[in-house]
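Engineer: can't give you the sequence, but here's the structure:
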């Protein structure tokens, strides 16, 4: 498995387009998967060779990675206490409702689907 890096946004990789592209290539060549939160995309191959996880759940507790939307839905079902459909929309809605119900500023969840970046 490759190393993982979480960045707030793509612009963190350089000051101009050439720098960003060079650094994306460098990361990819060194099997460093980078996930960009703002753009909701990551660097990895389409087959999942270096980064099989396709979904990411950021939380107040610990970040979790999932290979399938089904695995993510099962985890969210455990968190919210009721069945959650295996779709990004359903997971987002269930987590938003859960956070609203608990009215705790420290409780947060943010669900992301990794998108494939190709050369």
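Structural biologist: Happy to help now that I have it. Computed from a prediction, not measured in an experiment: that's the story for all the values here.
Engineer: wait, doesn't residue 113 sit right on residue 89?
Structural biologist: No: using CB atoms under 8 Å, residue 113 makes no contact with residue 89, being 10.7 Å away. To be clear about C-beta, it is placed using only N, CA and C from the backbone, and glycine gets the same treatment.
Engineer: these two: which has the busier surroundings?
Structural biologist: residue 113 (15 against 8; other CB atoms under 10 Å).
Engineer: that one bridge partners, please.
Structural biologist: Counting by DSSP bridges, residue 113 forms beta bridges with residue 55.
Engineer: residues contacting it?
Structural biologist: Contacts for residue 113 (CB atoms under 8 Å, 6 or more residues apart in numbering) come out as 40, 54, 55, 69, 88.
Engineer: just the buried ones out of the residues you listed, please.
Structural biologist: Applying 16 or more other CB atoms under 10 Å to those, the neighbour count classes 54, 55, 69 as buried.
Engineer: could you measure from the second one over to residue 92?
Structural biologist: When distance is defined by CB to CB, to the nearest Å, residue 55 is 11 Å away from residue 92.
Engineer: swap in residue 113?
Structural biologist: According to CB to CB, residue 113 and residue 92 sit 10 Å apart.
Engineer: which residue ranges form the helices in the chain?
Structural biologist: 17-29, 69-80, 88-102 (DSSP state H).
Engineer: buried stuff in stretch 56-68?
Structural biologist: Buried, per 16+ other CB under 10 Å, within stretch 56-68: 56, 57, 58, 64, 65, 66.
Engineer: sort out for me which of these are in strands.
Structural biologist: 56, 57, 58, 64, 65, 66 (DSSP state E).
Engineer: from the contact counts, what lies against the helix-or-strand element of the chain with minimal mean pLDDT?
Structural biologist: Across the helices and strands of the chain, mean pLDDT, DSSP states H and E gives its lowest value to strand 41-42, namely a mean of 74. Using 3 or more CB pairs under 8 Å, 6 or more residues apart in numbering; DSSP states H and E, the elements in contact with strand 41-42 are strand 32-36.
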